[in-house]
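>>> Quick one, structure for this:
(one chain, ligands or ions: 2)
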Amino acid sequence: MSGKREDVLGWDEYFMSLALLSAGRSKDPNTQVGACVADPHNRIVGIGYNGFPRGCSDDRLPWAREGAYLDTKYPFVCHAEVNAILNAITRDLTGCRMYVALFPCNECTKIIIQSGIGEIIYLSDKYAATDSVRASKIMLDSSGTAYRQFVPSRPSLTIDFFTCRLHHD
Ligand SMILES: Nc1ccn([C@H]2C[C@H](O)[C@@H](COP(=O)(O)O)O2)c(=O)n1
Ligand SMILES: [Zn+2]
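Ligands and ions are numbered 1, 2, ... in the order given. Predicted coordinates:
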């Protein structure tokens, strides 16, 4: 084999894939979200997914979406973005980028802005019509925090454990 491989993963593709891989750890039956924070040198500084707080049993807390508030997941679940920030190796995330599978809610957005993260790259914006996401965008625009949707250059990547390779179209 002569020259180097040219068709490597781009940085956005790499970090978004890691965010999605992390989402694979989520036990939420409806929406699995992963987030990955990269620093300006393209080093991974934090990664996380949505789940219940440490020590809170997945078997005792509910995953329901509907019913009385305390019978749903909403008061209990830690969002992927918060977990990625709390898992980060440093508190100061100035100039870092967050890759996240779903546009951040307003509560996560406050924390993202306060952490110093300067750019959000998201995949899905399925809750764009909610007041929560609308509030997120108001705060991001006011604070000058950039956000953009990830546009994949290929439809899928497949991890093949048998051949120890990553396949793509
Ligand atoms: N940016 C976000 C938005 C939501 N989540 C989590 C919170 C829940 O576990 C799930 C959303 O559930 P749904 O209402 O779609 O059934 O996703 C997050 O981690 N980050
Ligand atoms: Zn959130």
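>>> and residue 137, how many residues sit next to it?
When neighbours are defined as other C-beta atoms under 10 Å, residue 137 has 17 of them. C-beta: built from backbone N, CA, C; applies to glycine.
>>> cool, and residue 88?
Neighbour tally, residue 88, other C-beta under 10 Å: 20.
>>> Near ligand 1, which residues of this protein are found?
28, 30-31, 33, 50, 65, 73, 77, 79-81, 102, 104-105, 108 (C-beta under 6 Å from any ligand atom).
>>> Report the buried residues of the one helix or strand residue 121 maps to.
Using DSSP states H and E, residue 121 falls within strand 119-124. Within strand 119-124, the residues that count as buried by 16 or more other C-beta atoms under 10 Å are 119-123.
>>> just stretch 125-136 next, same as before
Quick answer for stretch 125-136 (16+ other C-beta under 10 Å): 127, 133, 136.
>>> Let me have the residues you listed in CSV, extended by pLDDT.
Formatted as CSV, the buried residues of stretch 125-136 follow (pLDDT from 0 to 100):
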residue, pLDDT
127, 98
133, 98
136, 99
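>>> Which ones among the residues you listed lie within helices?
133, 136 (DSSP state H).
>>> which one of the buried residues of stretch 125-136 sits closest to residue 87?
Closest approach to residue 87 among those (C-beta to C-beta): residue 136, at 21.0 Å.
>>> coming back round to it: quick one: average confidence on the strand holding residue 121?
Strand 119-124 carries an average pLDDT of 98.
>>> What is that strand packed up against?
helix 11-23, strand 97-102, strand 146-149 (3 or more C-beta pairs under 8 Å, 6 or more residues apart in numbering; DSSP states H and E).
>>> ok, back up a step: from the buried residues of stretch 125-136, pick the one nearest residue 157.
For the buried residues of stretch 125-136, the nearest to residue 157 is residue 127 (25.2 Å; C-beta to C-beta).
>>> which residues touch that closest one?
By C-beta atoms under 8 Å, 6 or more residues apart in numbering, the residues touching residue 127 are 102-103, 105, 133.
>>> now the residues you listed as TSV including distance to residue 144?
Formatted as TSV, these follow (distance: C-beta to C-beta, whole Å):
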residue	distance to residue 144
102	22
103	18
105	20
133	18
